[in-house]
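Engineer: 3D, please:
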Amino acid sequence: QVQLVESGGGLVQPGGSLRLSCVASGNFFSINDMRWYRQVPGKQRELVAAITSGGSTDYADPAKGRFTISRDNAKNTVFLQMNSLKLEDTAVYYCNADFSYYGTGWYYTEDHWGQGTQVTVSS
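Structural biologist: Just a heads-up that it's a prediction; the model follows:
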């Protein structure tokens, strides 16, 4: 059973910083792309940032220049460094990752979600 566990959320003032972490555990062969999403009540979940296994990154426009996604492949962990936080960054942040599974004569990939961590930006 694969599990993704986020941490690092909390309450921060506008202009402040937070660093989110997401650790993957369980039985899998490898982790491919890892992503951070966020969701505000009543709205669709939106992609914030993504990173490939090789370290290539991509950001949604609201995150560009303020957020940095990174990963530690040895520790099966992805991070999201969030700087210059704004009121509109308030949301539940979710980790998502694609996992590869191999066996004799078979291979498949499957994505999993974490339970989410609340980020609240408020003065």
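Engineer: list the buried ones in the helix or strand of the chain with the lowest mean pLDDT?
Structural biologist: Among the helices and strands of the chain, strand 106-113 carries the lowest confidence by mean pLDDT, DSSP states H and E, at a mean of 93. Of all the residues in strand 106-113, those buried under the rule 16 or more other Cβ atoms under 10 Å are residue 112. C-beta: built from backbone N, CA, C; applies to glycine.
Engineer: what's in contact with that strand?
Structural biologist: 2-4, 24, 32, 94-101 (Cβ atoms under 8 Å, 6 or more residues apart in numbering).
Engineer: Closest one of those to residue 88?
Structural biologist: Closest to residue 88 out of the contacts of strand 106-113 is residue 94 (17.2 Å), distances taken as Cβ to Cβ.
Engineer: show me what contacts that closest one?
Structural biologist: Listed by Cβ under 8 Å, 6+ apart, the contact set of residue 94 reads 6, 36-39, 45, 113-116.
Engineer: which among those gets closest to residue 14?
Structural biologist: residue 38 (16.6 Å).
Engineer: Type out the PyMOL command that picks the buried ones from the contacts of strand 106-113.
Structural biologist: Buried residues among the contacts of strand 106-113 (16+ other Cβ under 10 Å), as a PyMOL selection:
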select buried, resi 4+24+94+95+96+97+98+99
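Engineer: Name the pair among the contacts of strand 106-113 with the greatest separation in space.
Structural biologist: Spatially, the most separated pair among the contacts of strand 106-113 is 94 and 101, at 21.7 Å (Cβ to Cβ).
Engineer: So which residue is dead centre in the chain?
Structural biologist: Centroid-nearest residue in the chain: residue 36, 2.8 Å away (criterion: Cα atoms, centre = their mean).
Engineer: That residue: which element?
Structural biologist: Secondary structure assignment for residue 36, by DSSP states H and E: strand 30-39.
Engineer: Following the chain onward from that strand, which element is next?
Structural biologist: With elements assigned by DSSP H and E, the helix or strand that comes after strand 30-39 is strand 46-51.
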